[in-house]
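J.: Pasting the sequence and the predicted model now:
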Amino acid sequence: MSGHSKWNNIKRKKEKTDAARAKIFTKIGKEMAVAIRAGGPNPASNTKLRELIAKAKANNVPNDNIERAIKKFRDSDVVYEEITYEGYGPAGVAVIVETATDSRNRTAGDLRHYFDKCGGNMGVQGCVSFMFTDMGLITIEDEDGEIDEEKLMETALEAGAADFESDEGVYEITTECDDLDAVAEAIRAAGYTVLTAEKTKIPSSYVTLGEEDAAQMEKLLDYFDDCEDVTAVYHNWEA
C-alpha cells in the first residue's frame, strides 16, 4: 500500500505470512498478464514487465515461479482489464485503488462494499486523483548500517533523482516517472541493491486520524490486501 509512510507500507507487505505472499504474487501475476498482452513476454523490451519482475523478487518470489507465471500468462486466453477506482476512506482520506480484473462488475461491487463497511465511500473517477502526483520510487534497505548515505545520495542525484530521504534504515529515492529506470540502473551499477523500483502516486497533502478512524482505515487497507483484484492502493493518510 503506497502512501506517505512509504517504507512502513512496504514493510507491512514484507511481514506478511507465506499465504499472504502467495496472494501478493497472484496480484502481480495479473499485472504481468496485462503487461504481456500489451508489450510481449520479453522483459528486455517490456519495461512494465521488467518492473513487475523486480516487484515479485522484492516480495521473495523465486525465479522459477516468475518464469512459470510469464509462460502461463503468455499462453493464457484470460483477459484482465486494468481499472482504477477512487474514493474516500474514514474522515475523508483520499484513496486510489488500482485493479486488474476479468469482471469489472464483481470488482466494483467488492470495492464499494469495502468502502461502505469502513466508514468511507467510493467516488467518481477524478474525485481525488488531482491530489496525487505520479512519481517513481526506489527503495534501498540498509539493515546493517553499512551504506554511506552521502555517497548513495550523490549517486542518486547525479543520476537524475528528484528527492532523497532516509527512514528507519531504508533510503527512499524519488524520481520523475520517465527517469525511474535510468536512476535505478545507475544505482545498481554503483553496487547498491535495489529493494523496489516502481511507479507510485504521492499525495500533495496528508490527513491524520484519531484512534477510531485509524482502526477503520487499517481495516479498509486489510480488505484491499485480501482482494486479489487489487494491485495497488494509494492514500494520503499519514500513518
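T.: Happy to help now that I have it.
J.: going forward, measure contacts between C-alpha atoms and count neighbours the same way
T.: Noted.
J.: So for stretch 228-239, what gets flagged as buried?
T.: Neighbour-count burial for stretch 228-239, counted by 16 or more other CA atoms under 10 Å, picks out 228-237, 239.
J.: Quick one: end-to-end distance for it.
T.: End-to-end span of stretch 228-239 (CA to CA, to the nearest Å): 24 Å.
J.: What's the mean pLDDT across it?
T.: Mean pLDDT, stretch 228-239: 91.
J.: Next: stretch 197-215.
T.: 93.
J.: Number the residues from 527 up from this point.
T.: Let's use 527 as the start, then, which means that last one is stretch 723-741.
J.: what stretches of this protein score poorly on pLDDT?
T.: The chain contains residues with pLDDT under 70 at 527-547.
J.: How about residue 678: what's its closest non-neighbour residue?
T.: Once flanking residues are discounted, residue 678 sits nearest to residue 713: 7.9 Å by CA to CA, 6 or more residues apart in numbering.
J.: and the longest strand seen in the chain, what does it pack onto?
T.: Scanning the chain for the strand with the most residues, using DSSP state E, yields strand 658-667. Other helices and strands packing on strand 658-667, by 3 or more CA pairs under 8 Å, 6 or more residues apart in numbering; DSSP states H and E, are strand 696-701, helix 706-715, strand 722-729.
J.: Could you check the next helix or strand after that strand and say which residues are buried?
T.: Counting by DSSP states H and E, the element after strand 658-667 in chain order, helix or strand, is helix 675-685. For helix 675-685, burial by neighbour count (16+ other CA under 10 Å) applies to 678-679, 681-683, 685.
J.: swap in stretch 729-738?
T.: 729, 732, 735.
J.: ok, now stretch 597-606?
T.: Judged by neighbour count using 16+ other CA under 10 Å, the buried positions of stretch 597-606 are 599-600, 606.
J.: Need the residues that contact the longest strand of the chain.
T.: With contacts defined as CA atoms under 8 Å, 6 or more residues apart in numbering, strand 658-667 is touched by 533, 695-706, 710, 718-730.
J.: How about residue 579: what's its closest non-neighbour residue?
T.: Nearest one to residue 579, counting by CA to CA, 6+ apart, is residue 592 at 7.1 Å.
J.: tell me the phi and psi of the one you found?
T.: phi -60, psi -50 (degrees, to the nearest 10).
J.: So residue 671 is in contact with residue 695, correct?
T.: Yes: the pair residue 671 / residue 695 is scored as a contact, 7.1 Å apart, by CA atoms under 8 Å.
J.: how's the protein carved up into domains?
T.: Domain ranges of the chain: 532-601, 607-656+730-761, 659-729, per automatic domain parsing.
J.: Strands of this structure, residue ranges please.
T.: Counting by DSSP E, the strands of the chain are 607-614, 620-627, 647-648, 658-667, 689-693, 696-701, 722-729, 756-761.
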